[in-house]
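Asker: coords please:
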Amino acid sequence: MQARRVGWMVGGMAALLVALPTLAAPVYRHVDANGNVVYSDEPGQGSRIDLKPITVVDPAEVESRSRPADSTTTSPSAVDYDRFAIASPSNGETLPTGQGGNVQVQLAIEPELQPGDRVQLRVDGKVSQSPMHTSVFALSQLERGEHQIQAELLDAQGQVRLSTPAVTLYVQRASVNLPANPNNPNSNNR
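Answerer: Got it, this is the predicted structure:
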């Protein structure tokens, strides 16, 4: 009985550690004087909204579990990629203020990503998302300024096989200090 309880606790703690990076900032719901509903990360006079966690399933892992092992298949590390590059955003692109620092990163991978291989994304030299079997990543809430985005292809052992050249991305964000910004406390737009 004690061993079962310890096993459950270890498994539960591991699941918690895996889930921790997916936790997001709190979200608040505000209703203005005209009845418009606005969601924000600022508490103000709003009420906190608890969002359900997003479930992410890597289809390659599901497929590999459901398929019997075949000793005649080519090892994923034996495949040479002809192309591994960031297709979007383009180098030097600027995200306008309205996008709020959110961007979709699309990779060009030829031939297609092989089973066992994963891709991880780095923003400003730091891993921003864990390795996944995908060619599309979503980055959100990038701070204002210049950022370097780079993708790395990892083999089944977690070793980096390929890296893309870094792509420079510029992010514009609204400032509360701009006189025309309705969130500026000194604004005359109220």
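Asker: max-length strand in this protein?
Answerer: In the chain, assigned by DSSP state E, the strand with the most residues is strand 145-154.
Asker: any idea which helix or strand comes after that strand?
Answerer: strand 160-163 (DSSP states H and E).
Asker: Show me what counts as buried in that next one.
Answerer: Buried positions in strand 160-163, judged by neighbour count with 16 or more other Cβ atoms under 10 Å: 161, 162. In short, each C-beta sits where N, CA and C put it, glycine included.
Asker: any residues touching it, and which ones?
Answerer: Residues from elsewhere that reach strand 160-163 (Cβ atoms under 8 Å, 6 or more residues apart in numbering): 77, 81, 84, 117, 150, 151, 152, 153, 154, 155.
Asker: Now that we have those, can you turn them into a markdown table and tack on distance to residue 45?
Answerer: As requested, the contacts of strand 160-163 are exported to a markdown table (distance: Cβ to Cβ, whole Å):
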| residue | distance to residue 45 |
| --- | --- |
| 77 | 56 |
| 81 | 53 |
| 84 | 49 |
| 117 | 49 |
| 150 | 42 |
| 151 | 42 |
| 152 | 44 |
| 153 | 48 |
| 154 | 46 |
| 155 | 52 |
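Asker: which stretches of this protein have low pLDDT?
Answerer: In the predicted model, the chain carries pLDDT under 70 at residues 1-25, 53-78, 175-190.
Asker: Can you list the residue ranges for strands in it?
Answerer: Going by DSSP E, the chain shows strands at 27-31, 37-40, 47-49, 83-88, 93-95, 103-110, 118-123, 126-132, 136-139, 145-154, 160-163, 167-171.
Asker: Which strand residues bridge residue 137?
Answerer: Counting by DSSP bridges, residue 137 is bridged to residue 105.
Asker: show me the contacts for it.
Answerer: Counting by Cβ under 8 Å, 6+ apart, residue 137 makes contact with 104, 105, 107, 119, 121, 128, 129, 151.
Asker: Any quick PyMOL command for the buried ones out of those?
Answerer: The PyMOL command for the buried members of the contacts of residue 137 (criterion: 16+ other Cβ under 10 Å) is given here:
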select buried, resi 105+107+119+121+128+129+151
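Asker: Which single one of the contacts of residue 137 is nearest to residue 174?
Answerer: residue 104 (20.7 Å; Cβ to Cβ).
Asker: show me what contacts that closest one?
Answerer: Counting by Cβ under 8 Å, 6+ apart, residue 104 has contacts 88, 136, 137, 138, 139.
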